[in-house]
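Chemist: model the structure of this input:
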Amino acid sequence: MEKKKYTIQKKEVTLYASDWEDVPLIVLNNFSGDGEEVMKSMAEIDTPECNLLVVGNLNWDHDMAPWSCPPIAPQDEPCTGGADAYLALLLSEIMPQTLPRIKGTPSWTGIAGYSLAGLFALYAFYQCETFDRVASMSGSLWFPDFVEYAKDHVLKKKPQKVYISLGDKEDRTKNPYLKTVRERTETLVKHYQEQGLDVQWELNPGNHFKNPSLRSAKGIRAILGE
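Modeler: Numbers count the residues shown, from 1 in each chain. Reported below is the predicted structural model:
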């Protein structure tokens, strides 16, 4: 595997390019770092071969948010709804500039993310037909009106596989937004199952910040399965 780093429109892009031809391409939007810890965790749990495209230096509360949301805690920033613009950049520049850097043609393309990026990964399926599979790890499905949006809108493309996970302590909080995360996540899982989607739902031990790299690797491995 070869690690390739480049910058596109101020986004820091890292491609872990497989030595194999025609293997899947997974897009991982990352809060910090270049995905090295996720790659280590993927190796530790014997994840099938793939190309991993990691995008960093994101304006997190803007690029990953489908619409505006006030700060959910006094020290937080508001979300400012830049997901559509970032998705356009991803599809028009980042991915087209990445494909020539991998061997062969991806057998399929997936999108994965943790926290707000997990929300974004699901949101992308309502906006484009580019992706085939999706992994949302500890996704911010508490986000105001997202579950309602998902129920009221049609997926542009039905994913072949959906993986959704959450920490079993993530809803143990007094925060009025975050305490709804398990209930709303389970509601969305049920909605996708009722649509006939292949959904894997997993509860991991711990809160939102426990083992994010391992949880991300588990989600990626899940959607790489046949």
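
Chemist: relative to Phe31, how far out is the residue nearest to the spatial centre of the chain?
Modeler: Against the mean C-alpha coordinate of the chain, by CA atoms, centre = their mean, the closest residue is Gly113 at 2.2 Å. Distance, Gly113 to Phe31, using CB to CB, to the nearest Å: 9 Å. Where C-beta positions appear, they are placed from N, C-alpha and C, glycine not excepted.

Chemist: how about Leu197: what's its closest non-neighbour residue?
Modeler: Counting by CB to CB, 6 or more residues apart in numbering, the nearest residue to Leu197 once its immediate chain neighbours are dropped is Val162, at 5.3 Å.

Chemist: wait, that neighbour sits on Gln195?
Modeler: No: if you go by CB atoms under 8 Å, Val162 and Gln195 don't touch, sitting 9.8 Å apart.

Chemist: of the two, which one has the most company?
Modeler: Neighbour comparison, Val162 and Gln195: the larger count goes to Val162, with 25 against 12 (by other CB atoms under 10 Å).

Chemist: SS state for that one?
Modeler: Here Val162 takes the strand state, with states given by DSSP: H, G, I helix; E, B strand; the rest coil.

Chemist: next: Trp142.
Modeler: Using three-state DSSP, the structure places Trp142 in coil.

Chemist: who's in contact with it?
Modeler: 177-181, 184 (CB atoms under 8 Å, 6 or more residues apart in numbering).

Chemist: nearest to Leu141 among those?
Modeler: Distance ranking of the contacts of Trp142 against Leu141, using CB to CB, places Arg184 first at 5.0 Å.

Chemist: elements contacting the helix or strand hosting the closest one?
Modeler: Secondary structure here is read from DSSP states H and E; on that basis Arg184 sits in helix 181-194. For helix 181-194, the contact count by 3 or more CB pairs under 8 Å, 6 or more residues apart in numbering; DSSP states H and E identifies helix 146-152, strand 161-167, strand 199-204 as packing neighbours.

Chemist: for Ala65, which non-adjacent residue is closest in space?
Modeler: Distance criterion CB to CB, 6+ apart; nearest residue to Ala65, sequence neighbours excluded, is Cys79 at 3.6 Å.

Chemist: cool, Glu129 as well?
Modeler: When the adjacent residues along the chain are set aside, Glu129 lies closest to Lys157, with 4.2 Å between them (CB to CB, 6+ apart).

Chemist: can I assume that neighbour is in contact with Phe131?
Modeler: Yes: using CB under 8 Å, Lys157 and Phe131 qualify as a contacting pair, with a distance of 7.2 Å.

Chemist: when these two are compared, which one has more neighbours?
Modeler: When Lys157 and Phe131 are compared for neighbours, Phe131 comes out ahead with 22 against 14, by other CB under 10 Å.

Chemist: wait, a strand at the more buried one?
Modeler: No: remark: Phe131 does not belong to a strand; assigned using three-state DSSP, it is coil.

Chemist: let me see the contact set for it.
Modeler: Going by CB under 8 Å, 6+ apart, Phe131 touches 27, 109-111, 124-125, 157, 159.

Chemist: neighbour-wise, which of these leads?
Modeler: Ile111 (30 neighbours).

Chemist: just the element for that residue, please.
Modeler: Element membership for Ile111 (DSSP H and E) is strand 109-114.

Chemist: which helices and strands sit right next to the next helix or strand after that strand?
Modeler: Past strand 109-114, heading to the C-terminal end, the next element that is a helix or strand (DSSP H and E) is helix 116-124. Using 3+ CB pairs under 8 Å, 6+ apart as the contact definition, the elements that helix 116-124 packs against are strand 25-29, helix 60-63, helix 83-89, strand 109-114, strand 133-137, helix 146-152.
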